[in-house]
Each structure stands twice: as structure tokens, then as C-alpha cells.
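Engineer: Any chance you could fold what I've pasted below:
(one chain, ligands or ions: 2)
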Amino acid sequence: MTDDGERGTPGKGLVQGLAVTLKTMTKRSTTQQYPDVEPELPPRSRGVIALLEENCTVCMLCARECPDWCIYIDSHKEEVVVPGAARARQRNVLDRFDIDFSLCMYCGICIEVCPFDALHWTPEFEYAETDVLDLLHDKNRLGEWMRTVPPPPAHDVLGEPSKEEATAARKAAGPGAATAAKADVRRARPTTADRPNQEAQPKPESPEPPQ
Ligand code: SF4
Ligand code: SF4
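Structural biologist: Numbering: from 1, shown residues only. Ligands and ions are numbered 1, 2, ... in the order given. The predicted model follows:
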């Protein structure tokens, strides 16, 4: 239903518009002068995916789990002679690792599933292209972005050590450390000799059975 009274007030809309203009004129501008000034992004921004090639074992998990099928990996096998080993071992050598960012939906599944921390988010976002075909980036480009990956967050001081840290600490302590630690725990347990009052207390009598 139309409000006849409001429609009949000439210039009301103009006054309202000017009021909004005056109100915003007094506020501080939030315009960011990009590209002259780089924006300050949160360190965990999902800009682009970087590849740490040395960590990649070509297990193919990321390519298999990617919902968009936009990761392309090629590799070949290479023999590695290990001194003292009965026969040469084989390892995968990465030939191609491309991500097509025209298809990628930045879900992060590839980063989550990688068991060797070879893929990382980086806040880098300046990789726009004028041709969509140029959004296919190879391992060299993905590797260059590694320098923009922020360092991992500090450990929670109250949290449990990771499996790797616990193993490293055990190794550093030497082979007898675990046995010695168990012996310390056993020695620290209170014995009956330490609790004479408890032993002296009479045991509660069991109730008489009903006749
Ligand atoms: S972020 Fe998602 S869509 Fe993009 S490459 Fe990784 S798994 Fe595929
Ligand atoms: S999941 Fe990780 S290690 Fe496996 S192929 Fe992908 S990047 Fe390489």
C-alpha cells in the first residue's frame, strides 16, 4: 500500500540522500590503494597452492582426491644404489606437477590429504592472467610460491608433543632411557610400608546374612 503522505512531501528523498552523503563524508575512508599499497591479508589466507617438491613422493593421493581433477602428475622410476644393500632400490622422480587454477575451487583437500606436507596454502594472490589457459601452473611456479608460505603457528605449550617429537626425544635420550623412566615410576609408587596407617585400619565387616 502506498503512503500518500510520504509521496506528497517534495524533496524528502533528496534530503535523505544528502544526509547519507554528509554522514559518510565525516567518516574515515577505507579505500585501499592497491596496487600501490599491498593489502595486509590474514596469514592463513587461501591465495594459491605452493609445492615443496623435495617432500613429494608421487603417491598420487592429492590427484586422486581432488574433486575437480585439476592436478596433473607424471613421474618415472629411478634406481638408487644403497651401500651395503643386497640390491638397488627404486624411487619415484617427479617429472610433472601442474595445477589448473582455472578449475581449482580452493577446497584445500589436496593439502589436507598430502601425507608428506608437500602442498601448502600461501596468501599470494597476484597470479591473474589474461588468458584462462595460462592458469595452468607447473611445479617450478608452484615451487616459487613456497617462499611466501607463512611459518607454522607456534606449538601449544600445554599440548602433547607430536609423535615425531616424542620419537626424537626418545632417540636423543638413548636406548636405556625408556627402561630407566619405567623404573623411576615404579620406585616412585607408594608401597604398603609407606602407608602404615592404612594397613592398621581394620577391614569393614561384611553385613550379617538375613536369617
Ligand atoms: S584445492 Fe581442491 S580443487 Fe584445488 S587442486 Fe586442491 S583438491 Fe583440487
Ligand atoms: S599427496 Fe603429496 S606427496 Fe602425494 S603426490 Fe600429492 S603432493 Fe606429492
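Engineer: What residues does this protein have near ligand 2?
Structural biologist: 56-62, 73, 114, 116, 118-119 (C-beta under 6 Å from any ligand atom). All C-beta atoms are positioned from the backbone trio N, CA, C, and that covers glycine.
Engineer: Filter those residues down to the ones in helices?
Structural biologist: Using DSSP state H, the subset of the residues of the chain next to ligand 2 located in helices is 61-62.
Engineer: Sort out which of the residues of the chain next to ligand 2 are buried, if you could.
Structural biologist: Among the residues of the chain next to ligand 2, those buried by neighbour count (16 or more other C-beta atoms under 10 Å) are 56, 58, 61-62, 73, 114, 118-119.
Engineer: quick one, what contacts P161?
Structural biologist: A169 (C-beta atoms under 8 Å, 6 or more residues apart in numbering).
Engineer: per-residue pLDDT, it?
Structural biologist: Listed pLDDT for P161 reads 82.
Engineer: what helix or strand is it on?
Structural biologist: In this structure, P161 sits in neither a helix nor a strand according to DSSP states H and E.
Engineer: just A50 next, same as before
Structural biologist: Using DSSP H and E, the element containing A50 is strand 48-51.
Engineer: Validate this expectation: M146 resides in a helix.
Structural biologist: Yes. Applying DSSP: H, G, I helix; E, B strand; the rest coil, one finds M146 inside a helix.
Engineer: Leaving out sequence neighbours, find the closest residue to it.
Structural biologist: Spatial nearest neighbour of M146, excluding adjacent residues (C-beta to C-beta, 6 or more residues apart in numbering): A50 at 4.6 Å.
Engineer: Repeat that for C66.
Structural biologist: C110 (5.5 Å).
Engineer: what helix or strand is that neighbour on?
Structural biologist: In this assignment (DSSP H and E), C110 forms part of helix 109-113.
Engineer: how many neighbours does the closest residue to C59 other than its chain neighbours have?
Structural biologist: Closest residue in space to C59, ignoring its immediate chain neighbours: P115 at 6.8 Å, by C-beta to C-beta, 6+ apart. The tally of other residues near P115 (other C-beta atoms under 10 Å) stands at 10.
Engineer: Over to P115: give its phi and psi.
Structural biologist: phi -80, psi -10 (degrees, to the nearest 10).
Engineer: Give me the distance between it and P161.
Structural biologist: Distance, P115 to P161, using C-beta to C-beta, to the nearest Å: 20 Å.
Engineer: do the same with P123
Structural biologist: In terms of C-beta to C-beta, P123 sits 29 Å off from P161.
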